[in-house]
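Engineer: Prediction below, plus the sequence it came from.
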Amino acid sequence: MKVSQPWWNSWWAWTIYLFIIGFVFYFILRYKSNQLQKKYDEDKIRFFIDTAHDIRTPVTLIMAPLEDLNREQDLSDKARYFLNLAHESTRKLHSLITQLLEFEKVDAHKQSSSSVPLCLNEVLLKEVSVFRSFCEKKQLTLNLTQPDESVFVSADKHLIEMLLDNLLSNACKYTMPQGEISLDLKATKRKAILSLKDNGIGIPKKAKKHIFSDIYRAENARQSQEEGTGFGLLQVQRIVKMLHGKITFCSEEGKGTTFIVTLPRTTTVTEPVSHESSSNTLPAHRIITATKRIK
């Protein structure tokens, strides 16, 4: 008499067992790999920040005498040329150091963040005003569109400013002269939706998966000669997560990029937005325009 094997000991059952074991083993390896990569990135960031702390003071001390020397009247044209070259290189180094230290500040605010109801309309007007001179020099058009109603979010003001500074700075740096940048604020009952669109160099397809997860600069960004660290968008992602929001983007190389930041909207006492008339806050100018959207 032939006794048949129980189903759990059949060849197809063992095939399923092996498949499940292989599947679990694969995900364990993938998880470990991601954890190692995360630790590597954190160690790399920590090294950069520690180095920035060490060299910030010496660089600052170099800049001061260079500026004093540049004010001397009896310098030859050749001496002034090399002096300006040294000063510009030192300024760029100081700017990179500052970006690294700003990255560290995000963690500091995470530990001691004091969120308050913050009017995005007012913050956006201020940010656009700050970037006006840069846009003028590069002949960029910067448009701001926002609703008449006040849009409040619960956030640390400095974090919101850092987020906007990074996004606007990238848009300005990587948009060619005569280009256009549009900043648009919309609101639903529960969400504040901020979009930033430019017609700059765009993000290459192969670089898209890296921009929020790594210290990374796309090849076309490196070739543009614009200074940068690759920290900016990683920092933006961290800030958005801290604010319980979401950031997405769409981009095509050579045509431009649109970033969309969605943040939880907070309810507060309705106050008139202190536009002081957009034309007063941002004087009429061919480089920068500010408009309102009527709902």
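Structural biologist: Perfect, thanks for sending it.

Engineer: can you map out the helices along the stretch 1-150 of the chain?
Structural biologist: Along the stretch 1-150 of the chain, the segments classed as helices by DSSP state H, counting those that start in this stretch run 11-70, 77-111, 120-130, 132-138.

Engineer: Which residues belonging to the last one are considered buried?
Structural biologist: By that I understand helix 132-138. Across helix 132-138, burial judged by 16 or more other CB atoms under 10 Å covers 132, 135. To be clear about C-beta, it is placed using only N, CA and C from the backbone, and glycine gets the same treatment.

Engineer: mind checking pLDDT for residue 160?
Structural biologist: Residue 160 is assigned 92 on the pLDDT scale.

Engineer: Might you report the residue contacts of residue 83?
Structural biologist: By CB atoms under 8 Å, 6 or more residues apart in numbering, residue 83 lies in contact with 66, 69-70, 75.

Engineer: if you set the cut-off to 6 Å instead, what comes out?
Structural biologist: Each residue near residue 83 by CB atoms under 6 Å, 6 or more residues apart in numbering is listed here: residue 70.

Engineer: Can you tell me how far it is from residue 75?
Structural biologist: 7 Å (CB to CB, to the nearest Å).

Engineer: now residue 243
Structural biologist: 50 Å.

Engineer: ok, the two, which is more surrounded?
Structural biologist: More crowded of residue 243 and residue 75, by other CB atoms under 10 Å: residue 243, with 20 against 14.

Engineer: Next up, phi/psi of the more buried one, please.
Structural biologist: Main-chain torsions, residue 243, degrees, to the nearest 10: phi -90, psi 10.

Engineer: Let's see the pLDDT reported for it.
Structural biologist: For residue 243, the pLDDT comes out at 91.

Engineer: Can you give me the neighbour number for residue 192?
Structural biologist: Look at residue 192: counted by other CB under 10 Å, it has 22 neighbours.

Engineer: which helices and strands does the helix or strand hosting it pack with?
Structural biologist: Using DSSP states H and E, the element containing residue 192 is strand 191-198. The criterion is 3 or more CB pairs under 6 Å, 6 or more residues apart in numbering; DSSP states H and E, and the helices and strands that strand 191-198 contacts are helix 157-173, strand 180-187, strand 256-264.

Engineer: what about 10 Å?
Structural biologist: When contacts are defined as 3 or more CB pairs under 10 Å, 6 or more residues apart in numbering; DSSP states H and E, strand 191-198 sits against helix 120-130, strand 141-147, strand 152-155, helix 157-173, strand 180-187, strand 246-252, strand 256-264.

Engineer: This completes my enquiry, with thanks.
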